[in-house]
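Q: Need the 3D shape of this:
(one chain, ligands or ions: 1)
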Amino acid sequence: MAIPRIVIVGGGAGGLALATRLGHTLGKKKRAEIVLLDRNATHVWKPLLHELATGVLNSSMDEVDYRGHSSAHYYRYQRGSLNGLDREQKVIHLAPIEDEDGVEVLPARQLTYDYLVLSLGSISNDFGTKGVAEHCHFIDSPQQAKAFQRDMINTFLRYTDPNLRQNTQLTIGIVGGGAPGVELSA
Ligand SMILES: Cc1cc2nc3c(=O)[nH]c(=O)nc-3n(C[C@H](O)[C@H](O)[C@H](O)COP(=O)(O)OP(=O)(O)OC[C@H]3O[C@@H](n4cnc5c(N)ncnc54)[C@H](O)[C@@H]3O)c2cc1C
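A: Sure thing, here's the model as predicted:
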């Protein structure tokens, strides 16, 4: 008899811990197939994103490679981005995977499940404030944190121009005084 497949979408703080726990309790004994799906190849613990954004953290030292982690903890990892769900058929739809140049590596595909856990996390809300989405940085993902860091370093480099430095003071505005905003300010 086929064993049930438990699919966990999102390998963040919640999903990665769940996949690891289920891998050890069910996967190892072959009582269930545990599949963890994430759109990234590696996990960076989200509370560290402000450190990645400011360049204090070297992500390659602190990230968990899903492929290596899965083989050590009795679950399967699949790279993919969820873009649809058919609850009747118990199927999730995954977007095509493209490389850095936008060339398709893997076409759109489907994955069946017996049990599905969605642990996709959350993203910052701009509350529809005009201009925010176009002009602000967000640090909800490692890619966004690195984009902020690149932008900040390039701005500092521009300010090494003595003419620019003399007349202007560089100002960084941080909106949101929760834990990430306060830590980023510090
Ligand atoms: C800068 C910062 C600092 C924080 N500091 C703290 C702290 O000090 N203490 C604390 O307790 N909490 C902190 N938090 C909050 C904490 O990080 C979150 O509560 C926690 O990460 C939520 O876990 P999660 O598993 O729900 O989602 P996440 O950890 O966000 O993981 C979601 C995962 O889903 C994946 N994903 C998303 N969409 C898709 C999709 N469509 N297809 C495939 N995969 C997808 C993402 O790649 C990601 O791996 C902080 C958050 C931030 C941003």
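
Q: burial of Leu16, as a residue count?
A: By other C-beta atoms under 10 Å, 24 other residues sit near Leu16. Placement of C-beta: from N, CA and C, glycine included.

Q: Going forward, count from 732.
A: Sure, I'll start counting at 732 from here, so that last one is Leu747.

Q: Check which helix or strand it maps to.
A: For Leu747, the host element (DSSP states H and E) is helix 744-753.

Q: on contacts alone, who are the packing partners of that helix?
A: strand 736-740, strand 764-769, helix 797-803 (3 or more C-beta pairs under 8 Å, 6 or more residues apart in numbering; DSSP states H and E).

Q: ok, residues contacting the longest one?
A: The contact list for helix 797-803, computed with C-beta atoms under 8 Å, 6 or more residues apart in numbering, reads 742, 747, 750-751, 754, 767, 769, 771-774, 807-808, 810.

Q: That one: which residues count as buried?
A: Tyr797, His800, Ser801 (16 or more other C-beta atoms under 10 Å).

Q: Can you list the strands that the helix or strand following that helix pairs with?
A: Later in the chain than helix 797-803, the nearest helix or strand by DSSP H and E is strand 807-810. Paired neighbours of strand 807-810 in the sheet (DSSP bridges): strand 764-769 (parallel).

Q: thinking again about what came up before, need the buried residues of helix 797-803 in a markdown table with distance to the ligand and pLDDT, can you?
A: Shown next, in a markdown table, are the buried residues of helix 797-803 (distance: C-beta to the nearest ligand atom, whole Å; pLDDT from 0 to 100):
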| residue | distance to the ligand | pLDDT |
| --- | --- | --- |
| Tyr797 | 9 | 98 |
| His800 | 13 | 98 |
| Ser801 | 14 | 98 |
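
Q: now, which of these sits nearest Asp832?
A: Tyr797 (22.7 Å; C-beta to C-beta).

Q: Now render the helices and strands packed on helix 744-753 as JSON lines, adding distance to Tyr890.
A: JSON lines is the format used below for the helices and strands packed on helix 744-753 (distance: least, C-beta to C-beta, whole Å):
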{"stretch": "strand 736-740", "distance to Tyr890": "42"}
{"stretch": "strand 764-769", "distance to Tyr890": "37"}
{"stretch": "helix 797-803", "distance to Tyr890": "39"}
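
Q: between the ones you listed, which one is nearest to Gly904?
A: Of these, nearest to Gly904 by C-beta to C-beta is strand 764-769, at 31.5 Å.

Q: quick check: angle from the closest one to strand 736-740?
A: Strand 764-769 and strand 736-740 meet at an angle of 20 degrees, taking axes from the mean of the first three to the mean of the last three C-alpha atoms, to 10 degrees as the criterion.
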